[in-house]
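Peer 1: Provided below for reference: sequence and predicted model.
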Amino acid sequence: MKLDIPFVRSNFPAFSEPSLDGWAFFENAGGSYPCRQVIDRLTDFYMQNKVQPYYPYPASIQGGKLMDSAYERMAAYLNVDPSEVHFGPSTTQNVYVLANALRPMWSDGDEIIVSCQDHEANAGAWRRLADRGIEVIEWHVDKESGLLSLEGLSSLFTQRTRMVAYPHCSNVIGQINPVKEITGMAHEHNAISVVDGVGWAPHGFPDLKDLDTDIYMFSLYKTFGPHLGLMHVKNELIKRMQNQSHFFKEGITRSMITPAGPDHAQIAAVNGILDYFDAMYDHHFEDQAEPEERNRALNHLFREHEKELLTYFLDFLRSRDDIEILGSDHPDDRAPIVSIRPKSKNIEKVYSKLIEHKLMLGIGDFYAVRPLMDMEIPTDPGVIRMSFIHYTSKEDIDQLIEGLKKSLES
């Protein structure tokens, strides 16, 4: 079974938008295109249900049902209970709230391990706990490869370790970290496993029951949806946290770590992501599987397509002696998030040439300041990053390769 790319792209209005014609999109790690189903859901809610939900009149009743459906359907795809799914303004703000909710559980001098491979926006709040009596232990990346080592992590645990925070996938190195194994190590030391899934979730929603993480977070605007952050928090953990909402919300888990309150329309529009996944499954498969089984099948389908393109692209990059690839140069242990540095050309001039070839991609540190520091790579100008997902076509990759050839050789 191969992914039907024309069908996939027909679900994303950006690919038929005249102003984007001819441009190839390679900044998906910064935010994906939204699917048509999400756009339709959001538009319909603003037109039909933009009232306070859960009151006993039709527009309000339907608004509440749409919101409840988003929690239930997302939980089914992630293989968890709906009460463990929480939507906040962004992953960065969600981490900030979680840090404040968890701190009262710990004593002065307790330790948390925070990786240096993280996107700083999703790790900075953990590090600020050093100002509030918590010892922050850094899990550094390898200077040459940018990878995290399990042996290195093992040496950091003590009797006072309370948490390990790390990315499922780095947003500049592209390494896919072994979440299940790291979670097992954390639990052996009575610590919680907190995963920033922002880099990985666009490439496949995780089976959170299987991973057994205590907290898993990702950004829905990077998974074809509205600008929200999703948190999965185990119920037994959230009940131990300090309530971050109004005093009368104590014990109401859906409210305790979302102090700003829900964005009704955007939460309802989350249904569009699952509408899209269901459409993908129904197009490619004949059986009527449960959501978690659909998710596994789609993950495999998406991953195989991405690996095929990534293999093709990495083969090209390895053929060049004038660029440096950050992280692994093999597709099996990385996501299609590829950062490079020209060895002899000015990086900013190369980047400008790439834009001239109608390539949408990024340059800079992408808030991944700490891994670049560990690797002694200047954060200014940083690296050129090219990231793609399952809706990327072979023609897009060809355009990228041609643009790189001309930009590096001109």
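Peer 2: Yep, it's here. What you see is a predicted model; the values in this text were computed from it and never measured.
Peer 1: Just list the residues touching the closest residue to Ala14 other than its chain neighbours, thanks.
Peer 2: Counting by Cβ to Cβ, 6 or more residues apart in numbering, Ala14 lies nearest to Tyr33, which is 4.2 Å off, once chain neighbours are set aside. The C-beta positions use only the backbone N, C-alpha and C, and glycine is treated the same way. Contact analysis of Tyr33 by Cβ atoms under 8 Å, 6 or more residues apart in numbering lists Phe12, Pro13, Ala14, Phe15, Phe25, Phe224, Tyr391.
Peer 1: Going by neighbour count, which of those residues comes out on top?
Peer 2: Greatest neighbour count in these, by other Cβ atoms under 10 Å, goes to Phe224: 25 neighbours.
Peer 1: So what does that one have for phi and psi?
Peer 2: Main-chain torsions, Phe224, degrees, to the nearest 10: phi 70, psi 10.
Peer 1: before we move on, what about Trp200?
Peer 2: Trp200 adopts backbone torsions of phi -90, psi -40, taken as degrees, to the nearest 10.
Peer 1: Please report how far it lies from Glu188.
Peer 2: Remark: distance between Trp200 and Glu188 (Cβ to Cβ, to the nearest Å) = 23 Å.
Peer 1: just Ser255 next, same as before
Peer 2: 33 Å.
Peer 1: Look at these two and report which has more neighbours.
Peer 2: Using other Cβ under 10 Å as the criterion, Ser255 and Glu188 rank with Ser255 on top: 18 against 10.
Peer 1: tell me which element the more buried one is part of?
Peer 2: In the assignment (DSSP states H and E), Ser255 maps to helix 253-256.
Peer 1: Break down the stretch 51-200 of the chain into its strands, ranges please.
Peer 2: 85-88, 111-115, 135-139, 161-167, 192-196 (DSSP state E, counting those that start in this stretch).
Peer 1: quick one: the third one to strand 161-167, angle?
Peer 2: Computed by axes from the mean of the first three to the mean of the last three Cα atoms, to 10 degrees, the angle separating strand 135-139 from strand 161-167 equals 40 degrees.
Peer 1: what's the angle between strand 135-139 and strand 111-115?
Peer 2: Put simply, strand 135-139 runs at 30 degrees to strand 111-115, going by the same axes, to 10 degrees.
Peer 1: Report the buried residues of strand 135-139.
Peer 2: Using 16 or more other Cβ atoms under 10 Å as the test for burial, strand 135-139 gives Glu135, Val136, Ile137, Trp139.
Peer 1: could you dump the helix or strand of the chain with the lowest mean pLDDT to PDB, C-alpha only?
Peer 2: Ranked by mean pLDDT, DSSP states H and E, the weakest helix or strand in the chain is helix 253-256, scoring a mean of 92. Provided in PDB are the C-alpha atoms of helix 253-256 (Å, rounded to 0.1, in the frame of the first residue of the first chain):
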ATOM      1  CA  THR A 253      -9.300  18.000  35.900                       C
ATOM      2  CA  ARG A 254     -10.300  19.500  32.500                       C
ATOM      3  CA  SER A 255      -9.900  23.000  34.100                       C
ATOM      4  CA  MET A 256      -7.100  22.600  36.500                       C
END
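Peer 1: Which positions within that helix qualify as buried?
Peer 2: Buried residues in helix 253-256, counted by 16+ other Cβ under 10 Å: Thr253, Arg254, Ser255, Met256.
Peer 1: Ok, stretch 376-395 next?
Peer 2: Using 16+ other Cβ under 10 Å as the burial criterion, the residues of stretch 376-395 that qualify are 377, 382-393.
Peer 1: With respect to Arg41, which of these is nearest?
Peer 2: Nearest to Arg41 among these: Tyr391, at 18.7 Å, using Cβ to Cβ.
Peer 1: For the closest one, which three-state class applies?
Peer 2: Tyr391 falls in the coil class when you classify it by DSSP: H, G, I helix; E, B strand; the rest coil.
Peer 1: dump the residue contacts of the residue nearest to it when sequence neighbours are not counted.
Peer 2: Spatial nearest neighbour of Tyr391, excluding adjacent residues (Cβ to Cβ, 6+ apart): Val8 at 5.0 Å. Val8 makes contact with Met280, His390, Tyr391, according to Cβ under 8 Å, 6+ apart.
Peer 1: swap the cut-off to 10 Å and go again
Peer 2: Applying Cβ atoms under 10 Å, 6 or more residues apart in numbering, we find Val8 in contact with 15, 35, 276, 279-280, 283-284, 301-302, 305, 389-393.
Peer 1: Kindly report the same for Glu308.
Peer 2: Applying Cβ under 10 Å, 6+ apart, the residues near Glu308 are Lys2, Leu3, Pro331, Lys394, Ile397.
Peer 1: Please apply the same query to Glu293.
Peer 2: Asn79, Asp207, Tyr281, Phe285, Asp287 are the contacts of Glu293 under Cβ under 10 Å, 6+ apart.
Peer 1: ok, back up a step: can you add pLDDT and distance to Ala165 and give the buried residues of strand 135-139 back as JSON lines?
Peer 2: JSON lines is the format used below for the buried residues of strand 135-139 (pLDDT from 0 to 100; distance: Cβ to Cβ, whole Å):
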{"residue": "Glu135", "pLDDT": "98", "distance to Ala165": "14"}
{"residue": "Val136", "pLDDT": "98", "distance to Ala165": "10"}
{"residue": "Ile137", "pLDDT": "98", "distance to Ala165": "10"}
{"residue": "Trp139", "pLDDT": "98", "distance to Ala165": "9"}
